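[1] I need the structure of the sequence given here:
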Amino acid sequence: MQHESSVNISPIKALNPYQNKTIKGRVTNKRKMHQYSTPKSTSQVFSFDMIDDEGTEISITCFGDVAEMHYHRVEARTYYTVSKGCIKEADTKWNKLNSHLEITLDNNSVLKCCEAVVDSQGNNSPFTPINEITYYTNNTLVDVIGIVVVVGEPSLIRRKDGSEVTKRIVKINDVSTFTINVKSWATTWQAVGEDLKNMHATQTTVVLAVRNARVGYFNGKMKLQDHTDTLWATGFDEVGTNLLQISAKDLYMLQYDLTTKRTPQTIIKRVLLSCFVFTLSVTTNMYNSEPRLKATITKVTNINFQAECTLLLAEIARTSIAAAFQTN
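    Just a heads-up that it's a prediction; the model follows:
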């Protein structure tokens, strides 16, 4: 085993397609070997994810003979050095990590098992505080960790195609004091849910960490709040553009624009806790035999504080006069 002091290790974030550097990281996820076919032959592929001590992740893929050579050597939670790989832009269709690069190993690449860092504490990937998840757009992948407060019972959901899947929700909260639902339809999640339920029933504290959780909002709705209560409401097209001051297309493209510091998260964060005047269309729909209000935002405008103050003063005066008559 080569000691790391004799190797010039670069952080993953320093990688680029034009320079060959050696990186070191811990395997966080190893995927199964898959067979695939082309018109001329059949082959195989597998991939794994690594994270370095700065918390930067990258996906590494092996094909054909290289996949056969490394598949049984790569183990989760084990440290490796990687060098002489082909570095390229990440294919976001398959690569869901928050990294714009990925590595493909070939016969000239070097993959070596190495010693773990003594002071490394588990997964170095920073967890997203639950109260900041509202800053992220729909389908963004985040890592979350929290204390289990509720383990829901499994429920059977019928899809549009007639098939059935089992859904389970686990509710967690963290030091931000916010709570979020962690939901999955995966078969393995049902077993995990049972384990969490049993542990939660017998232990004081159960902590759940989830990697690559996909952010989702109920029907894509935005949450509104005034001094009386909160309300989930839906806004489309022009409403969203007026609220965020950016079109849906431009907001989507920001995640690929490396020339600006603006991101979808910063755009959304900018309007959080801001005050607007919302015009709503409210209807009542039946859901699981229960009536539910559905609010749709038809118009959003900035507050005219002068006009609002005039109305408020008039209301105060009217109330004061009415109170005076009642006293007399």
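[2] ok, the residue nearest to residue 148 when sequence neighbours are not counted - contacts?
    In space, not counting the residues next to it along the chain, residue 148 is nearest to residue 206; the distance is 4.3 Å by CB to CB, 6 or more residues apart in numbering. To be clear about C-beta, it is placed using only N, CA and C from the backbone, and glycine gets the same treatment. By CB atoms under 8 Å, 6 or more residues apart in numbering, the contact set of residue 206 is 147, 148, 196, 199, 200.
[3] the second one - that's part of a strand, no?
    Yes - according to DSSP: H, G, I helix; E, B strand; the rest coil, the state of residue 148 is that of a strand.
[4] flag every buried residue along stretch 83-100.
    Across stretch 83-100, burial judged by 16 or more other CB atoms under 10 Å covers 83, 85, 87, 90, 95, 97, 99.
[5] and the end-to-end length of that stretch?
    By CA to CA, to the nearest Å, the extent of stretch 83-100 from end to end equals 18 Å.
[6] make 720 the starting number, not 1.
    Okay, residue one is now 720; in that scheme the one you just asked about reads as stretch 802-819.
[7] residue 875 contacts residue 883, correct?
    Yes - here residue 875 reaches residue 883: they are 5.5 Å apart, a contact under CB atoms under 8 Å.
[8] what about this protein, any weak spots by pLDDT?
    For the chain, residues meeting the criterion pLDDT under 70 lie at 720-726, 835-845, 854-857, 936-940, 974-975, 1005-1009, 1046-1047.
[9] cutoff 50 now
    By pLDDT under 50, the low-scoring segments of the chain are 720-724, 837-843.
[10] can you show me the helices along it?
    All helices of the chain, identified by DSSP state H, fall at 783-789, 906-921, 957-963, 967-972, 983-990, 1024-1046.
[11] and these as JSON lines, adding mean neighbour count?
    Shown next, in JSON lines, are the helices of the chain (neighbours: other CB atoms under 10 Å):
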{"stretch": "helix 783-789", "mean neighbour count": "16"}
{"stretch": "helix 906-921", "mean neighbour count": "14"}
{"stretch": "helix 957-963", "mean neighbour count": "17"}
{"stretch": "helix 967-972", "mean neighbour count": "13"}
{"stretch": "helix 983-990", "mean neighbour count": "16"}
{"stretch": "helix 1024-1046", "mean neighbour count": "10"}
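[12] just put these in a markdown table and tack on distance to residue 796.
    Conversion of the helices of the chain to a markdown table gives the following (distance: least, CB to CB, whole Å):
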| stretch | distance to residue 796 |
| --- | --- |
| helix 783-789 | 16 |
| helix 906-921 | 18 |
| helix 957-963 | 41 |
| helix 967-972 | 35 |
| helix 983-990 | 30 |
| helix 1024-1046 | 56 |
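[13] could you point out which of those sits nearest residue 946?
    helix 1024-1046 (13.0 Å; CB to CB).
[14] same for that closest one, what does it pack against?
    The contact analysis (3 or more CB pairs under 8 Å, 6 or more residues apart in numbering; DSSP states H and E) places helix 1024-1046 against no helix or strand.
[15] only alpha carbons, please: show that helix as CSV.
    C-alpha atoms of helix 1024-1046 as CSV (Å, rounded to 0.1, in the frame of the first residue of the first chain):
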residue,chain,number,x,y,z
PHE,A,1024,-47.8,50.8,1.6
GLN,A,1025,-49.2,54.3,1.3
ALA,A,1026,-52.6,52.9,0.1
GLU,A,1027,-52.6,50.2,2.7
CYS,A,1028,-51.8,52.7,5.5
THR,A,1029,-54.7,54.9,4.3
LEU,A,1030,-57.1,52.0,4.4
LEU,A,1031,-55.8,51.0,7.8
LEU,A,1032,-56.2,54.5,9.3
ALA,A,1033,-59.7,54.7,7.8
GLU,A,1034,-60.6,51.3,9.5
ILE,A,1035,-59.2,52.5,12.8
ALA,A,1036,-61.2,55.7,12.6
ARG,A,1037,-64.4,53.8,11.7
THR,A,1038,-63.8,51.4,14.6
SER,A,1039,-63.1,54.3,17.0
ILE,A,1040,-66.3,56.1,16.0
ALA,A,1041,-68.4,52.9,16.4
ALA,A,1042,-66.9,52.3,19.8
ALA,A,1043,-67.7,55.9,20.9
PHE,A,1044,-71.4,55.5,19.9
GLN,A,1045,-71.6,52.2,21.8
THR,A,1046,-70.2,53.9,24.9
